[in-house]
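Enquirer: Show me the folded form of this:
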Amino acid sequence: MPLRPRHVVLGPARAEVTGLDFSGSAVAAARRLADEVGLDARFVQADVYDAADLLDEQYDIVIATYGVLVWLPDLDEWARVVSRLLRPGGVLFIAEFHPVQALVDDDLRITTSYFRTQPRQSQVASSYTGQNLPTHTQTTWPWTISRLVNALITAGLHLTRLDEHPVDPVS
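Expert: A predicted model of the protein is given here:
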């Protein structure tokens, strides 16, 4: 969710918030949540690859949160869009599941290679927003950490830090 500070005063800072998602259900849920907590925010339904042209702004911070990367069929184009969305000196913050999690089944057996390049297709009956849908084929893309870092570097971003946080969703 890209953020752009409006102004900073002595005391609490205020920020102008813009969120983007391709799902109308996710955008509606975000609007409801923002209303509940009193957050002044704008939410836009659009394809992430169109974000830089659609928003036609630059931001101080762009945030990509858990579960975003697997939905991106073109990581290089996404990194270029992020680069265009960031003002000079801006920051990209990614909080994402470790790609190793996609290698194992519920019994912690390795089911695929970390270095696979083909998208994964699976049958699902709900969307990532929890909405029940007719069973359909869902496609996700595997990205190694090095592939992500190289896409960001190629897009002209300067990496200053890479951390892995000790969060284990299995426990």
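Enquirer: Any buried residues in stretch 23-36, and which?
Expert: 26-27, 29-30, 34 (16 or more other CB atoms under 10 Å). Using the backbone N, CA and C atoms, a C-beta is placed for each residue, glycine as well.
Enquirer: scratch that, stretch 50-64
Expert: By neighbour count on 16+ other CB under 10 Å, the buried set for stretch 50-64 is 51-52, 55, 59, 61-64.
Enquirer: ok, now stretch 153-160?
Expert: Across stretch 153-160, burial judged by 16+ other CB under 10 Å covers 155, 157.
Enquirer: average pLDDT for it?
Expert: Mean pLDDT, stretch 153-160: 95.
Enquirer: Now the terminal residues of it, how far apart.
Expert: Terminal residues of stretch 153-160 are spaced 11 Å apart (CA to CA, to the nearest Å).
Enquirer: And the contacts of it?
Expert: Contacts with stretch 153-160, where a contact means CB atoms under 8 Å, 6 or more residues apart in numbering, come from 76, 79-80, 82-83, 86, 92, 149, 152.
Enquirer: ok, now stretch 120-135?
Expert: 23, 25-26, 29, 67, 71, 102, 112, 136-142.
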